[in-house]
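# Sequence below, structure please.
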Amino acid sequence: MARKGKRYANAARSYDRLAEYPPDQAVGLVKSFATTKFDETIDVVFKLNIDARKADQLVRGTVALPNGTGQEIRVAVIAPADRHAEATEAGADVVGGKDLAEEIAGGRALDFDLMIATPDMMAEVGKLGRVLGPRGLMPNPKAGTVTPDVGKAVSEFKAGKLEYRNDRYGNVHVPIGKASFEPEALRENLVALGAEIVRSRPAAAKGRFIMGVSVSSTMGPGVRVDTARLVEAAEATV
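All right, here's what the predicted structure looks like:
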């Protein structure tokens with residue numbers, strides 16, 4: 001296990017790591033720990049009470065954070081030729097059709113963070129499952145990345161719309177901004193994400209749904225969030 005640096009150790013000693021903090025205090029602490037020379041990303045992890053092995057308990061969708069994420073996202077679009085201009089004008093970084101799918105199948109570098117495809121191109125995109133799937137890049141209707149309205153989709157994701165999904169342990173890990181964000185902006189993003197997670201609860205999930213929430217910066221320790229207060233704030237926005 002990698003040894004933590006002096007900055008991390010000092011931050012970890014400055015608060016109660018077992019305590020749960022209200023959303024505003026949690027993001028305030030995390031922001032105070034982000035003292036590196038680069039603008040650290042602020043991440044949140046939701047630990048959910050789901051069985052990730054069962055299809056009817058998977059948690060996946062998209063959320064538009066009110067203050068964006070502060071991150072530049074590279075978007076690829078696979079669509080018919082008559083939709084290429086629309087995608088490019090909306091800000092897509094890589095645009096193509098069957099030719100792009102063939103290039104990816106042939107080993108082209110995956111120089112993008114998200115792929116959007118039109119429904120009529122999914123026969124071609126489906127062949128890329130072994131390449132895109134393991135990297136979380138496979139377009140999916142539930143995530144809003146399979147759509148006939150490619151221009152709108154590109155614009156929304158470029159503006160900060162996020163795709164989220166649980167991992168094999170039942171955790172959902174999402175960035176909610178940068179350390180340079182004002183504390184209130186981070187709190188608003190955290191509450192908005194909390195509201196989306198609450199809304200996405202599978203019908204098959206039993207008992208308490210959100211088992212824990214933790215916020216951290218790229219180089220800092222995690223801070224536990226008071227789940228009850230977060231859910232209360234999230235439900236107030238619905």
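# can you list the domain ranges for this structure.
17-69+161-237, 75-158 (automatic domain parsing).
# Can I get these in a markdown table including distance to residue 5 and mean pLDDT?
To be clear about C-beta, it is placed using only N, CA and C from the backbone, and glycine gets the same treatment. Shown next, in a markdown table, are these (distance: least, C-beta to C-beta, whole Å; pLDDT from 0 to 100):
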| stretch | distance to residue 5 | mean pLDDT |
| --- | --- | --- |
| domain 17-69+161-237 | 8 | 93 |
| domain 75-158 | 28 | 94 |
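# Run through the strands of the chain in chain order.
According to DSSP state E, the chain carries its strands in the segments 20-21, 41-48, 60-64, 75-78, 94-96, 114-117, 161-165, 171-178, 210-217, 223-225.
# Which elements pack onto the shortest one?
Contact here means 3 or more C-beta pairs under 8 Å, 6 or more residues apart in numbering; DSSP states H and E; on that basis strand 20-21 packs against strand 223-225.
# Pull the residues that contact the strand it packs on.
By C-beta atoms under 8 Å, 6 or more residues apart in numbering, the list of residues contacting strand 223-225 from outside reads 15, 17-23, 26, 29-30, 44, 190, 212-216.
# Distance from that strand to the middle of the chain?
For strand 223-225, the gap between its own C-alpha mean and the chain's C-alpha mean amounts to 18 Å (C-alpha atoms, centre = their mean, to the nearest Å).
# give the contact list for residue 146.
Residues near residue 146 by C-beta under 8 Å, 6+ apart: 116-119, 122, 139-140.
# follow-up on the earlier one: now render the domains of the chain as JSON lines, adding distance to residue 10.
Converted to JSON lines, the domains of the chain look like this (distance: least, C-beta to C-beta, whole Å):
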{"stretch": "domain 17-69+161-237", "distance to residue 10": "9"}
{"stretch": "domain 75-158", "distance to residue 10": "33"}
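# so what's residue 186 up against?
So, once contact is read as C-beta under 8 Å, 6+ apart, residue 186 ends up touching 27, 30-31, 42, 67, 176-177.
# Buried by neighbour count, from the contacts of strand 223-225: which ones?
15, 20-23, 26, 29-30, 44, 190, 213-216 (16 or more other C-beta atoms under 10 Å).
# so which of these comes closest to residue 73?
residue 44 (17.7 Å; C-beta to C-beta).
# For that closest one, name its beta-bridge partners.
Beta bridges link residue 44 to residue 174, residue 215, judged by DSSP bridges.
# Other residues contacting stretch 196-214?
Applying C-beta under 8 Å, 6+ apart, the contact partners of stretch 196-214 are 44-50, 54, 56-61, 63, 164, 172, 194, 222-225, 227, 230-231, 234-235, 238.
# I meant to write stretch 132-141 there.
For stretch 132-141, contacts defined as C-beta under 8 Å, 6+ apart pick out 60, 78, 104, 110, 112-117, 122, 125, 128-129, 145-147, 165.
# buried subset of the residues you listed?
78, 104, 110, 112-117, 122, 125, 128, 145-147, 165.
# now residue 134: how far from residue 110?
To residue 110, residue 134 is 11 Å away according to C-beta to C-beta, to the nearest Å.
# Now do the helices for this structure: every range, in order, please.
Using DSSP state H, the helices of the chain run over 6-12, 23-33, 84-90, 98-105, 122-125, 129-132, 150-158, 183-199, 227-237.
# Reformat those helices as CSV; add distance to residue 206.
Listed next are these as CSV, based on distance: least, C-beta to C-beta, whole Å:
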stretch, distance to residue 206
helix 6-12, 35
helix 23-33, 26
helix 84-90, 41
helix 98-105, 40
helix 122-125, 34
helix 129-132, 31
helix 150-158, 33
helix 183-199, 16
helix 227-237, 17
